[in-house]
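Undergrad: curious how this folds, go ahead:
(chains A, B, C and D)
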There are 2 protein chains.
Amino acid sequence: MGTALNALKMLEYFSSSQPEIGLSHIARLAGLNKATALRHLRALEEFGLIEQNPQTKSYAIGPAALRLAALREIAKPGLDGARQKMQAAMHEVGESLHLTLLEKDTLQTALVVETTQHSVRVSLDPSEIIPVNATASGLCMLSFGPAFLLERLESDTLTRFTAATMTDPEIIRDRVAQIGQAGWANSNGSFEDGVFGYAAPIFGIDQIAIGTIAIAVPEIRATRARQPLILTSLHTLSKELTANFGGQMPETFPTEFHP
Amino acid sequence: MGTALNALKMLEYFSSSQPEIGLSHIARLAGLNKATALRHLRALEEFGLIEQNPQTKSYAIGPAALRLAALREIAKPGLDGARQKMQAAMHEVGESLHLTLLEKDTLQTALVVETTQHSVRVSLDPSEIIPVNATASGLCMLSFGPAFLLERLESDTLTRFTAATMTDPEIIRDRVAQIGQAGWANSNGSFEDGVFGYAAPIFGIDQIAIGTIAIAVPEIRATRARQPLILTSLHTLSKELTANFGGQMPETFPTEFHP
DNA sequence: GTTAGTGGTTCAATAAATGAACCGCGTTAA
DNA sequence: TTAACGCGGTTCATTTATTGAACCACTAAC
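TA: Sure thing, here's the model as predicted:
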């Protein structure tokens, strides 16, 4: 049921680690017959969402994605302003930034601004869904986002990514309460080893978080000395982006972040 | 033939002037039964390419567009660098810029950087296909792009947009030859009244244009005095963007643009 | 020279898309 | 107050497009 959806789902298999995929490969990934996979790819190609490399014959995301993104920006403005603010912060802090937004009931990466100052940097795949228990953004969302996220914590199976990943709902709840006080969350290698994340909420008009802004730092540079800079940047971003999306900070929200 | 494609084609009806569309309306636009239109929209919505406004019940482009655009940027990098160069130029000239790329055999808008300095500015719809006979970008592409564009000029029906639009293939050929000498093209209200466009080619590795960079100026500000500034910006952009996309300028290309 | 992989095609079998009519609801206009 | 209209959304028999096993041609490895 839903050939269109099945065709679109093939797009899910493209990622930063695998930006080009061959026919047989993607058919296997999607569990489809080669013939149907090809027909789907052809349809996507005609629309421009897929592009075939004439040399290698393998497929990649096409230019229509950019067109649609521009249209999205018209329908729901804000992202472009956010990008600029994030870019400014990137230059200040020198680290990569991720903006995540709550869409439908999963936390998704909406914008990535990668640092240009270091060759060792954190790269996040924009196609990944952010696990709520393993990332700073996820924990932040649990603390300041809609209540249903916390409520369904027990029913969901929490994936373990590293040794530091929290999977016990009780422990997570404790942590979430702490974060609610501090205003910011951090994750020290709980999603990926060697990656420290710092995240703060972006609030909607009803003072419930609609997303998060996060700074991802490789462990080598995650020193004590740099924390104040990161935290103040995070705090201003939290305020600015909340304003940018037309939201409102709760009065109880801390006026600055303490380590 | 191709339900997936039919579903995707519904996305074509969203534009800057109509970013939100209701079910009946879009069904009429696409010439589909309401039931099938709804099923398609549901499929697109599940993937995230469409979003329904819970209040108005009408549909708009969804967040998945941004995700796909980010993936596209990974597969075919360069756009992000181009955006930065365009933004710098926008600050210099104070006008909106459009990057168009030749995709499959039509000229499409790939990036738009709108000026923040004037309230009267030119806005281009990212979903529009650039007519080759009516815009500075189009003429530029005819002059420096692949030969087949010029060859099919007779067989295509050339649409008239304003009184200034050229529709006679012979006249266009003359103009194209001029542009080939000058290195840049302009269109004075031939696509839309009151809009002056200046465009220069972006070359690929084989020294054939793969796209164009254009500056769009409202007639009020299209004075003689501002032309030198615009043309020098255009020339540097042409060089920089050609380099950015890994292309090469032809040796015969002018080293500066003369009015 | 064989094997295993690739991208792509064919066509009968079948499962999925389709659309006219319908429902319930809110607006508008007699 | 009533009736007509358009809206978003649903239903279900009809039909149409999708599906997949087998196939071809080609390349790379051994």
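Undergrad: from A:Ala27, how far out is the residue located most distally from the centre of chain A?
TA: Seen from the C-alpha centroid of chain A, the residue lying at the greatest distance (C-alpha atoms, centre = their mean) is A:Ala35, 33.7 Å away. Counting by C-beta to C-beta, to the nearest Å, the gap from A:Ala35 to A:Ala27 is 9 Å. All C-beta spots, glycine's among them, are computed from the backbone N, C-alpha and C.
Undergrad: picking that back up, so what pLDDT did the residue farthest from the centre of chain A get?
TA: We have a pLDDT of 88 for A:Ala35.
Undergrad: can you check A:Ile172 too?
TA: 93.
Undergrad: what is the burial count for the nearest residue to it once chain neighbours are set aside?
TA: Computed as C-beta to C-beta, 6 or more residues apart in numbering or on different chains, the closest residue to A:Ile172 that is not its neighbour in sequence is A:Met166, at 5.2 Å. The number of residues packed near A:Met166 is 17, by other C-beta atoms under 10 Å in any protein chain shown.
Undergrad: just say helix, strand or coil for A:Met166.
TA: coil (DSSP: H, G, I helix; E, B strand; the rest coil).
Undergrad: correct me if wrong: it contacts A:Asn188.
TA: No. Contact criterion C-beta atoms under 8 Å: A:Met166 and A:Asn188 do not qualify, at 11.1 Å.
Undergrad: check contacts around the residue in the stretch 51-200 of chain A positioned nearest to DNA strand C.
TA: Scanning the stretch 51-200 of chain A for the residue nearest DNA strand C gives A:Lys57, at 4.1 Å (criterion: C-beta to the nearest atom of the strand). By C-beta atoms under 8 Å, 6 or more residues apart in numbering or on different chains, the contact list for A:Lys57 reads A:Gly22, A:Leu23.
Undergrad: where exactly do the helices run in the stretch 51-200 of chain A?
TA: Using DSSP state H, counting those that start in this stretch, the helices of the stretch 51-200 of chain A run over residues A:64-75, A:79-93, A:136-144, A:147-151, A:169-182.
Undergrad: okay, the residue of the stretch 51-200 of chain A closest to DNA strand C: pLDDT?
TA: 86.
Undergrad: related to what we said a few turns ago, and of the helices of the stretch 51-200 of chain A, who's closest to B:Met90?
TA: Closest approach to B:Met90 among the helices of the stretch 51-200 of chain A is made by helix A:79-93 (12.3 Å; C-beta to C-beta).
Undergrad: packing partners of the closest one?
TA: helix A:64-75, strand A:96-103, strand A:106-113, strand A:209-218, helix A:227-244 (3 or more C-beta pairs under 8 Å, 6 or more residues apart in numbering or on different chains; DSSP states H and E).
Undergrad: could those be laid out in JSON lines, adding mean pLDDT, distance to B:Arg221 and mean neighbour count?
TA: Shown next, in JSON lines, are those (pLDDT from 0 to 100; distance: least, C-beta to C-beta, whole Å; neighbours: other C-beta atoms under 10 Å in any protein chain shown):
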{"stretch": "helix A:64-75", "mean pLDDT": "84", "distance to B:Arg221": "24", "mean neighbour count": "23"}
{"stretch": "strand A:96-103", "mean pLDDT": "90", "distance to B:Arg221": "35", "mean neighbour count": "24"}
{"stretch": "strand A:106-113", "mean pLDDT": "87", "distance to B:Arg221": "32", "mean neighbour count": "21"}
{"stretch": "strand A:209-218", "mean pLDDT": "93", "distance to B:Arg221": "37", "mean neighbour count": "26"}
{"stretch": "helix A:227-244", "mean pLDDT": "92", "distance to B:Arg221": "29", "mean neighbour count": "20"}
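Undergrad: in TSV: the ones you listed, plus distance to B:Gln117.
TA: Formatted as TSV, the helices and strands packed on helix A:79-93 follow (distance: least, C-beta to C-beta, whole Å):
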stretch	distance to B:Gln117
helix A:64-75	20
strand A:96-103	26
strand A:106-113	24
strand A:209-218	28
helix A:227-244	20
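Undergrad: fine by me, we can end here.
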